[in-house]
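Peer 1: pasting the structure only:
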């Protein structure tokens with residue numbers, strides 16, 4: 001079984017700038033990478049903060065009998081070591097993403113400009129978690145990307161857990 005390795009300095013640099021790395025990207029599918037809690041660093045930041053609270057309140061002494069605190073702490077460390085997604089436009093995301101492969105093959109900037117979007121079957125898996133994805137893509141078809149991103153960043157400040165990335169009092 002491989003032993004736990006602390007994140008490299010390159011990974012820590014990416015963690016420090018995770019949101020900055022993805023906030024300007026809108027995937028071919030129309031999902032704004034800055035809204036992804038896994039890729040934008042929100043989950044890692046939450047885990048770090050939670051670990052600090054757990055240590056400060058000495059949870060190990062308060063945990064119920066049978067609670068394996070070492071495994072719990074190990075889990076928190078492993079979550080923090082999870083690689084961040086760099087966004088599909090920078091090589092992140094699933095390498096076999098049908099949407100990205102198709103968009104790159106067609107040479108389109110994103111799927112909103114594809115005249116086969118409505119009947120496209122490449123979205124089937126993603127639509128399970130994002131049922132209005134095609135509808136949302138059509139809404140942004142002619143929108144200025146910079147304006148969209150600024151609007152979404154403003155909205156992100158009020159959405160949990162993403163707000164921790166822009167909150168100064170937490």
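Peer 2: Thanks, I have the structure now. What you see is a predicted model, and the numbers here were worked out from it, not measured in a lab.
Peer 1: shaky segments in the chain?
Peer 2: 1-16, 166-170 (pLDDT under 70).
Peer 1: please pick out the residue of it most distant from its centre.
Peer 2: Of all residues in the chain, residue 65 has its C-alpha farthest from the mean position, at 35.1 Å, by C-alpha atoms, centre = their mean.
Peer 1: other residues contacting stretch 106-123?
Peer 2: The contact list for stretch 106-123 (C-beta atoms under 8 Å, 6 or more residues apart in numbering) reads 26-30, 98-99, 102-103, 133-134, 137-138, 140-141. The C-beta positions use only the backbone N, C-alpha and C, and glycine is treated the same way.
Peer 1: also stretch 69-78?
Peer 2: Residues outside stretch 69-78 that contact it (C-beta under 8 Å, 6+ apart) are 4, 47, 50-51, 54, 59-60, 63.
Peer 1: list the buried ones in it?
Peer 2: By 16 or more other C-beta atoms under 10 Å, the buried positions in stretch 69-78 come out as residue 76.
Peer 1: return the distance of it from the chain's centre.
Peer 2: Centroid separation for stretch 69-78 versus its chain: 22 Å, with C-alpha atoms, centre = their mean, to the nearest Å.
Peer 1: ok, now which ones touch the residue lying closest to residue 27 once chain neighbours are set aside?
Peer 2: Leaving aside its chain neighbours, residue 27 sits nearest to residue 88 (4.8 Å; criterion: C-beta to C-beta, 6 or more residues apart in numbering). Residue 88 makes contacts with 25, 27-29, 33, 97, 100, as judged by C-beta under 8 Å, 6+ apart.
Peer 1: next one: phi and psi at residue 88?
Peer 2: When read as degrees, to the nearest 10, the backbone of residue 88 gives phi -70, psi -20.
Peer 1: how close does it sit to residue 117?
Peer 2: According to C-beta to C-beta, to the nearest Å, residue 88 stands 17 Å off from residue 117.
Peer 1: with residue 75 instead?
Peer 2: Using C-beta to C-beta, one gets 40 Å for the distance from residue 75 to residue 117.
Peer 1: list of residues touching the longest helix along the chain?
Peer 2: In terms of residue count, the longest helix belonging to the chain (DSSP state H) is helix 42-56. For helix 42-56, contacts defined as C-beta under 8 Å, 6+ apart pick out 15, 18-19, 37, 73, 76-77, 79-80, 82, 84, 161-162, 164-165, 170.
Peer 1: thinking again about what came up before, can you tell me the SS state at the residue farthest from the centre of the chain?
Peer 2: coil (DSSP: H, G, I helix; E, B strand; the rest coil).
Peer 1: what's the neighbour count on residue 117?
Peer 2: A count of nearby residues for residue 117, using other C-beta atoms under 10 Å, gives 19.
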